[in-house]
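Asker: here is a sequence with its predicted model. Questions after.
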Amino acid sequence: MREPVYFLDGRTVRASAARLPIADLAILRGFALFESLRTYGRKPFLLDRHLDRLLGEARRVGLACPYSRAEIARIIQRLLRCNCFPEALIRLLLTGGASPKLIPSGRPTFAVMMDPLPAFPKHQYAKGIALMSIPFERAYPEMKTTNYFAAVWGTMRAVKRGFHEIVYARDNGDLLEGSTFNLFVVLPGQRLITPQKDVLAGVTAGCVLDLARALRIRIARRPIRPADLRRAREAFITSSNREIIPVRRVDRQRIGDGRPGPMTRRLHAAYRDFVGKS
Ligand SMILES: Cc1ncc(COP(=O)(O)O)c(C=O)c1O
């Protein structure tokens, strides 16, 4: 397969040649923002929502993105023509730029990485995944910064112990979100619970909530308590590149009968339908 082509600071470059200066604040200070989205039918899915999030966060932290929304869309189109993947995983990166000081002193760096969309294991969709909780709360949970230290380290430990992914828990045991996904549980009475505060407002979670409202499913936006897990009939995770994956276990707690349930299947079917119509 030909090497993917990326965009880095005004140039299209081979993936292996896309390098940041070592003094970039992204490297030494973790000061960078990013987005991750996928294509369907070779078209970026919900690009506007991902750009709203990235550019909104950039404005908030005072990072001047060197490219406008329209320019970023054109860069992505150009890369889609250069990279002939059946479907692509697209990651947008905006860093603090190279700086000898703690605060940015130069031009922020903007990059677009485009790789073949990884095929996620079919059995995870069919059988569900096991989550390991770790006590952790992200520092700026409403932002998608590149600080995934806890995610990387936690997932390394989880995989060693036979889990698929990690989920962050407050000290009192309430669950918030996962390393790279939002978490939902379904309580008896077809009630859907997912946190609103102290989590990333996932683009996929937003779609799933809209679809659930349209299906007249009752929704509560609050942290997921340990007692919820014991009562839950179903649980699932959402993220742009994986859509919806059922959860069969969190730590030692089996969810429902340990198999993907009807609400998860119904919402996933509605999501696929929405993708098809978009
Ligand atoms: C911490 C975190 N929460 C939630 C999500 C899911 O967000 P989205 O649905 O926009 O992909 C991600 C995605 O990477 C994430 O990193």
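Answerer: Nice, thanks for sending it over.

Asker: pretty sure Ile129 contacts Ala235?
Answerer: No: counting by Cβ atoms under 8 Å, Ala235 is not a contact partner of Ile129; they are 9.7 Å apart. No exception for glycine: its C-beta is placed from N, CA and C like everyone else's.

Asker: overlap in contacts, the two.
Answerer: Each of 246-247 lies in contact with both Ile129 and Ala235 under the rule Cβ atoms under 8 Å, 6 or more residues apart in numbering.

Asker: please name the residues that touch Tyr6.
Answerer: Tyr6 neighbours (Cβ under 8 Å, 6+ apart): 12-15, 18, 79, 111-114.

Asker: so for it, what's the pLDDT?
Answerer: On pLDDT, Tyr6 comes in at 98.

Asker: so what's Arg170 up against?
Answerer: Neighbour list for Arg170: 135, 137, 176, 223 [criterion: Cβ under 8 Å, 6+ apart].

Asker: of all the residues you listed, which comes closest to the ligand?
Answerer: Nearest to the ligand among the contacts of Arg170 is Leu176, at 9.0 Å by Cβ to the nearest ligand atom.

Asker: which strands or helices does the strand or helix carrying that closest one pack on?
Answerer: If you go by DSSP states H and E, Leu176 is part of strand 175-178. Applying 3 or more Cβ pairs under 8 Å, 6 or more residues apart in numbering; DSSP states H and E, one finds that strand 175-178 contacts strand 165-169, strand 182-187.

Asker: quick check: residues of this structure near the ligand?
Answerer: 36, 177, 180-182, 200, 202-205, 238-240 (Cβ under 6 Å from any ligand atom).

Asker: what about Cys84, neighbour count?
Answerer: Close neighbours of Cys84, defined as other Cβ atoms under 10 Å, add up to 11.

Asker: how about the contacts made by the residue located most distally from the centre of the chain?
Answerer: Here the chain reaches farthest from its C-alpha mean at Pro100, the gap being 31.0 Å by Cα atoms, centre = their mean. Contact analysis of Pro100 by Cβ under 8 Å, 6+ apart lists Ala23.

Asker: give me the phi and psi for it.
Answerer: phi -80, psi -10 (degrees, to the nearest 10).

Asker: how is this protein partitioned into domains?
Answerer: 5-116, 122-277 (automatic domain parsing).
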